[in-house]
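Chemist: sharing a model prediction with you, sequence too.
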Amino acid sequence: MLLEDGAAAMLLVTASEMAEMDRRTIEDIGIPGAVLMENAARGAAAFFEQVVPDLVQRRIVVLAGSGNNGGDGFVLARLFFNKGARVRTVCLRPPDRLKGDALTNFRILEKIGVPVAVWDESQDFKAQFEAVEDADVIVDAILGTGLQSEVRGLYRRVIDAVNALGNPVLSVDIPSGIDGSTGRVMGTAIRATATATFALAKIGHAVPPGEEHSGILKVIDIGIPPLVAHGSGIRRFLLDAAACAPWLRPRPAETHKGHAGHLGVLAGSPGKTGAAALLCQGAAKAGAGLVTLFVPSGLNPIMEVKLTEVMTLPISQTLEGTASLEALEGILGFMEDKEAFAMGPGSSLQPETRELMRRLVTEIRCPAVLDADALTAVSEDPAVLSRAQAPLILTPHPGEMARLTGESTGTIQADRLGTASRFSEKHGVFLVLKGHRTVVAAPDGRLAVNGSGTPAMASGGMGDVLTGLIGAFLAQGFDPFEAACLGVYIHGAAAEEVHAAVATRGLLASEILPAIPIVIGRLERSP
Ligand SMILES: NC(=O)C1=CN([C@@H]2O[C@H](COP(=O)(O)OP(=O)(O)OC[C@H]3O[C@@H](n4cnc5c(N)ncnc54)[C@H](O)[C@@H]3O)[C@@H](O)[C@H]2O)[C@H](O)CC1
Ligand SMILES: [K+]
């Protein structure tokens, strides 16, 4: 769970980017590492005392590794000891492996009388671990951004034993065993109740499985000057209310529907009229001024009944009743003076309809969002993407991404951020890689990881609503990256709004429609 503390957009960094910022702060700016370490531990201690009531009255065991993560642990041990806590420290590597600020703080513990045990890989593990099994709370200061490889040996046994204890575990910076740059479990990893991370959130805190392992996350300000982060050129951030609010200001009083743009939609086919309806209703609820649905003529009477605020335009159809290639010129002509286009949901994979959608990709002259069957049509000839005349936003789920890239869904899911960034840059399109913690990538390197949403969203039609949201923000003139981010965040937040009242299943796509303006209103009013 990620706490939205209302701060500015929360940057997401890799372990090496964070290490470089540490280095610049210490070596170029001159803030001693010991000051950063002290600030880190003080901030972590305050947060941990919020998470575990009466923490300093509990039996605390600090497990420390051989690097500065361990150093943070030693300082935490001192701070809790000074408050009268019954705190013990375990050093998991011989002290002669310690150096710098970690060694300094290790020696301080010895001088002030904090019990410090040194565990030895060669000794009986069970006997050593028994000494800490009575702990009420474990502080995990074993590994942080310095994790370099799979966790093995003593570290592995300690992490697995701690997880088996089931006591509250408070992780310093990163749950040990989680790769801060990817969120992957490196062999094994601590399952933390809470994690205090320093200066900036890491990617590993925001994407699964690292996100779940982190528990409640708090970003602690340790005194690194903002210019260090701002000067880093990092354009990766968590998509939350704080990130979206600046984009969504209340509309001026004199707004009329012409200002809010006109979205054209090509969606629906026999048996799949719901997808078209959900897309169009999502667009209307997100503020598109006008929405016109191009619909195969045989379905027009049905759509006229299903939709009220949305206009329909019957188009020629194939024998199967799907959109025909003959409709191309009519659609292009109508779209000449419109602001945005959306296509694909429920369109069908009828060969002529697929060809129509590929032709629209290369000939439409307004920003367009492609989803569902339009993505399948494009994956048969991805080169059409580079022939587009206007910005494109693609919204694949992992299976559709596999068809677009030729990679397996396993490969895609193992590196969602990298997959999305590479595809976006290669094809010059904006990419929304859907799933838990949806990723939004722009060709210029901007990247966002969505913080909103609930498991209840895994139900038919949710994607159609998302396409409508994105199309609506495109129609209102938002930059394609912002339009995609707003659609993704609001989509998840609207589901959370409704989900709070229902279980994690059985949430219908149409049920999130009324929550969309509620979420938008909250963003518009936020400071
Ligand atoms: N972000 C900040 O501004 C600050 C962060 N601090 C803390 O410093 C650590 C990073 O410290 P570092 O020494 O670079 O790395 P670690 O402590 O994470 O540990 C590395 C240590 O462990 C060894 N190691 C690496 N991989 C493995 C493995 N798989 N198995 C066993 N051992 C491994 C490696 O050789 C090193 O010796 C950061 O997380 C914060 O907690 C600063 O204290 C304050 C400023
Ligand atoms: K840790």
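Modeler: Happy to help now that I have it. Numbering: from 1, shown residues only. Ligands and ions are numbered 1, 2, ... in the order given.

Chemist: the nearest residue to residue 119 once chain neighbours are set aside: neighbouring residues, count only.
Modeler: Spatial nearest neighbour of residue 119, chain neighbours left out: residue 128 (4.9 Å); criterion: Cβ to Cβ, 6 or more residues apart in numbering. Where you see a C-beta, it was placed from the backbone N, CA and C, and this is true even at glycine. Neighbour count for residue 128, taken as other Cβ atoms under 10 Å: 19.

Chemist: same check on the one 3 residues further on?
Modeler: Counted by other Cβ under 10 Å, the residues lying close to residue 131 total 14.

Chemist: run a quick neighbour tally on the closest residue to it other than its chain neighbours.
Modeler: Spatial nearest neighbour of residue 131, excluding adjacent residues (Cβ to Cβ, 6+ apart): residue 117 at 6.6 Å. Neighbourhood size, residue 117 [other Cβ under 10 Å]: 14.

Chemist: what's the answer for residue 100, then?
Modeler: Neighbours of residue 100 (other Cβ under 10 Å): 13.

Chemist: contacts only, for the most centrally placed residue in the chain.
Modeler: Geometric centre of the chain, nearest residue: residue 449, 2.6 Å, by Cα atoms, centre = their mean. Counting by Cβ atoms under 8 Å, 6 or more residues apart in numbering, residue 449 touches 12, 203, 206, 207, 236, 237, 238, 239, 417, 437, 438, 439.

Chemist: could you give the bridge partners of it?
Modeler: Bridge pairing for residue 449 (DSSP bridges) gives the partners residue 238, residue 439.

Chemist: re earlier: check which helices and strands the helix or strand harbouring the residue nearest to residue 131 sits against.
Modeler: Assigning secondary structure by DSSP states H and E places residue 117 in strand 116-118. The contact analysis (3 or more Cβ pairs under 8 Å, 6 or more residues apart in numbering; DSSP states H and E) places strand 116-118 against strand 86-91, helix 100-112.

Chemist: any chance of a markdown table for the contacts of residue 449, columns neighbour count?
Modeler: Shown next, in a markdown table, are the contacts of residue 449 (neighbours: other Cβ atoms under 10 Å):
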| residue | neighbour count |
| --- | --- |
| 12 | 25 |
| 203 | 23 |
| 206 | 27 |
| 207 | 21 |
| 236 | 21 |
| 237 | 23 |
| 238 | 24 |
| 239 | 28 |
| 417 | 23 |
| 437 | 22 |
| 438 | 28 |
| 439 | 25 |
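
Chemist: which residues of the protein lie near ligand 2?
Modeler: Neighbours of ligand 2 within the chain, by Cβ under 5 Å from the ion: 140, 144, 171, 172, 176.

Chemist: let's see 8 Å
Modeler: Neighbours of ligand 2 within the chain, by Cβ under 8 Å from the ion: 65, 69, 140-144, 171-176, 190, 195.

Chemist: inside strands: which ones of those residues?
Modeler: Within these, residues falling in strands by DSSP state E are 140, 141, 171, 172, 195.

Chemist: about what we covered before: how near is the residue nearest to the centre of the chain to ligand 2?
Modeler: Distance, residue 449 to ligand 2, by Cβ to the ion, to the nearest Å: 21 Å.

Chemist: check which residues of stretch 155-162 are buried.
Modeler: 155, 156, 157, 158, 159, 161, 162 (16 or more other Cβ atoms under 10 Å).

Chemist: and the third one, what does it touch?
Modeler: This points to residue 157. 125, 129 are the contacts of residue 157 under Cβ under 8 Å, 6+ apart.

Chemist: do a quick rundown of the helices in the stretch 251-400 of the chain.
Modeler: Counting by DSSP state H, counting those that start in this stretch, the stretch 251-400 of the chain has helices at residues 273-285, 300-306, 328-335, 351-363, 373-379, 398-405.

Chemist: possible to save the ones you listed as TSV with mean pLDDT and mean neighbour count?
Modeler: Listed next are those as TSV, based on pLDDT from 0 to 100; neighbours: other Cβ atoms under 10 Å:
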stretch	mean pLDDT	mean neighbour count
helix 273-285	97	27
helix 300-306	94	16
helix 328-335	98	16
helix 351-363	98	20
helix 373-379	98	24
helix 398-405	97	20
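
Chemist: JSON lines for the ones you listed, including distance to residue 61?
Modeler: Formatted as JSON lines, these follow (distance: least, Cβ to Cβ, whole Å):
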{"stretch": "helix 273-285", "distance to residue 61": "51"}
{"stretch": "helix 300-306", "distance to residue 61": "62"}
{"stretch": "helix 328-335", "distance to residue 61": "65"}
{"stretch": "helix 351-363", "distance to residue 61": "59"}
{"stretch": "helix 373-379", "distance to residue 61": "51"}
{"stretch": "helix 398-405", "distance to residue 61": "40"}
